[in-house]
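*Asks:* could you look at this predicted model? Sequence included:
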Amino acid sequence: MRVHQGLLAIGILGGLGVLGACAREGTDPGDAVRGAVQVSDSAGVTSVSLGAVEELPAPELSADLLFSTRELGVELFRVGDAVLLENGGLAVANTGASEVLLFAGDGSLAGRVGGEGEGPGEFGAVTTLLASDAGFLAYDARLARLTEFSEEGEFLTSSPLSAQSAIVDLRPLARDTAGHMLAILGEQRFFAPEGMKRDTTPLLSFPDLDAEPDTLGVLPAQEWSYGGIPGGGFTRTEPAFGRDIVASGLGDRALIGDTEVFGLSIYAADGTLTRRIRGSGGGWTVTAEEIGSWRAERLERRGPDAPDWYVEFTQNAPYRETHPAFHSAVLGPDEMLWIGLATRSGEETRRWLVIGSDGQPRGQLDLPADASVLAVDADRFALLLRDALDEEEVRLYRYDLAP
């Protein structure tokens, strides 16, 4: 991969530009929101300063369940991604079964696309879905190719990556009609002998799928905790309160961030920076009770037969002394986004802040703390939940944004 300098115009992890403002007593709530958030434009880049996100007086939103895969009796196996379709339906990458499930707007299962194989429309491992003008794109990480389907599941085209750029674990984020694609690697699998280390991942720009990608920058990715085990090996696990990359895409836009700081950037598929979002949140000190609960939970999940080395590793594993700045973020249409705020240990719900295309807060709602928002649009969102037995469920909701 070639290293292309200068395209990462302002930097993904730039310093915080936090502008906070307190709502004046007795003013209109809408004026308070607008006063707390600063939006500016310069050289084609929109900058949004949210201030202290927990203090934003965004209106509470309500959501109505449209359907649930569990209620429909649809079995899921390792959900990889989902995309909301223009026809009101939902496409879900059922990665473990090498298929894409298509749901109609009324919640009925409209079809199954793919199946294991290497033929047209088949998958080795479908991991990523992207909206396209004709329907949706499905990326097959094992076969290193993009396949386009109509919203009804009709096979349209198949575009393999060239041999020199066929990267296992590639994660496409955005693709435009000119053929530009922006992507990262899902995981570098960086190893260290002990302690905590952050993985890294390159931000890759493909001028087209037949060309070798440019590397626009190297990003901090997931954080891992390492320790030795008997016999000379080592173990790797997610540390308590660790940091991670945030990466989400929709059509020809990609959202990139890092939970270390409250900073997000939106890029076009050709690597051009279009928007920066900054704020402050999370960062609370981890208490002794919180780390004690985390260690007890890890040992309980391993069971009573956990080996002595694992018990020792868990009891002495390093951890972050502060909570992340935020949890995650998902990109919506026209550069709107949902931001999952940080939560304290033991909280059952997580607050999601909805930022409109104009950069202003449009609302907030509470969702189960351990749920993942898979996809959003202007009035719907898809949610992934896992129960105690690790069984998966996807729910589709409708919501109304505040005017």
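*Replies:* Thanks, I have the structure now. Here the structure is a predicted model, which is why all the values come from computation and not from measurement.
*Asks:* for residue 185, give its distance to residue 215.
*Replies:* Applying CB to CB, to the nearest Å, the value for residue 185 to residue 215 is 11 Å. The way it works is simple: take the backbone N, C-alpha and C, and place the C-beta from them, glycine included.
*Asks:* now do residue 268
*Replies:* Residue 268 is 17 Å from residue 215, by CB to CB.
*Asks:* now swap in residue 287 and tell me
*Replies:* Distance from residue 287 to residue 215, by CB to CB: 40 Å.
*Asks:* looking at these two, which is more packed in?
*Replies:* residue 215 (16 against 11; other CB atoms under 10 Å).
*Asks:* just confirm the more buried one contacts residue 201, I think it does.
*Replies:* No: the pair residue 215 / residue 201 is not scored as a contact, 10.4 Å apart, by CB atoms under 8 Å.
*Asks:* who does the helix or strand where residue 254 lies pair up with?
*Replies:* Per DSSP states H and E, residue 254 falls inside strand 253-258. When pairs are called by DSSP bridges, strand 253-258 turns out to pair with strand 245-250 (antiparallel), strand 263-268 (antiparallel).
*Asks:* wait, which of the ones you listed is closest to residue 155?
*Replies:* Closest to residue 155 of these, according to CB to CB: strand 245-250, at 22.2 Å.
*Asks:* using CSV, write out the CA atom coordinates for the closest one.
*Replies:* This file holds the C-alpha atoms of strand 245-250, laid out as CSV (Å, rounded to 0.1, in the frame of the first residue of the first chain):
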residue,chain,number,x,y,z
ILE,A,245,-11.9,3.3,17.3
VAL,A,246,-15.3,4.4,16.1
ALA,A,247,-16.0,3.8,12.4
SER,A,248,-19.3,4.0,10.6
GLY,A,249,-20.3,4.5,7.0
LEU,A,250,-23.4,5.3,5.0
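*Asks:* how near is residue 155 to residue 110?
*Replies:* 15 Å.
*Asks:* these two: who's more crowded?
*Replies:* residue 110 (20 against 15).
*Asks:* got the buried residues for the host helix or strand of that one?
*Replies:* In the assignment (DSSP H and E), residue 110 maps to strand 109-114. Buried residues in strand 109-114, counted by 16 or more other CB atoms under 10 Å: 110-111, 113-114.
*Asks:* partner strands of that strand and their direction?
*Replies:* When DSSP bridges is applied, strand 109-114 pairs with strand 99-103 (antiparallel).
*Asks:* where does the protein have low pLDDT?
*Replies:* Low-confidence segments of the chain (pLDDT under 70): 1-35, 163-168, 187-193, 402-403.
*Asks:* so in it, which helix runs the longest?
*Replies:* helix 288-302 (DSSP state H).
*Asks:* name the helices or strands packed onto it?
*Replies:* Counting contacts by 3 or more CB pairs under 8 Å, 6 or more residues apart in numbering; DSSP states H and E, helix 288-302 is packed against helix 308-316.
*Asks:* identify all contacting residues around the helix it packs on.
*Replies:* Helix 308-316 is contacted from outside by 227, 229-230, 235, 295, 298-299, 302, using CB atoms under 8 Å, 6 or more residues apart in numbering.
*Asks:* contact partners for the closest residue to residue 150 other than its chain neighbours?
*Replies:* Leaving out its chain neighbours, the residue that sits closest to residue 150 by CB to CB, 6 or more residues apart in numbering is residue 135, at 4.2 Å. By CB under 8 Å, 6+ apart, residue 135 lies in contact with 85, 148-152, 154, 156.
*Asks:* name the helix or strand for the residue lying closest to residue 50 once chain neighbours are set aside, please.
*Replies:* Nearest non-adjacent residue to residue 50, counting by CB to CB, 6+ apart: residue 279, 3.4 Å away. Take DSSP H and E as the rule and residue 279 turns out to sit in strand 273-280.
*Asks:* now the angle between strand 253-258 and that strand, please.
*Replies:* Strand 273-280 and strand 253-258 are oriented at 40 degrees to each other (axes from the mean of the first three to the mean of the last three CA atoms, to 10 degrees).
*Asks:* if you count neighbours, what's buried in strand 273-280?
*Replies:* If you call a residue buried by 16+ other CB under 10 Å, then strand 273-280 has these buried ones: 273, 275-280.
*Asks:* could you do stretch 235-242 as well?
*Replies:* Applying 16+ other CB under 10 Å to stretch 235-242 flags 239-242 as buried.
*Asks:* go on, stretch 147-165?
*Replies:* 147-149, 151, 153, 158-159, 161, 165.
*Asks:* could you dump these into CSV and include distance to residue 395 and secondary structure?
*Replies:* Formatted as CSV, the buried residues of stretch 147-165 follow (distance: CB to CB, whole Å; DSSP: H, G, I helix; E, B strand; the rest coil):
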residue, distance to residue 395, secondary structure
147, 26, strand
148, 27, strand
149, 23, strand
151, 20, coil
153, 21, coil
158, 31, strand
159, 32, strand
161, 33, coil
165, 36, helix
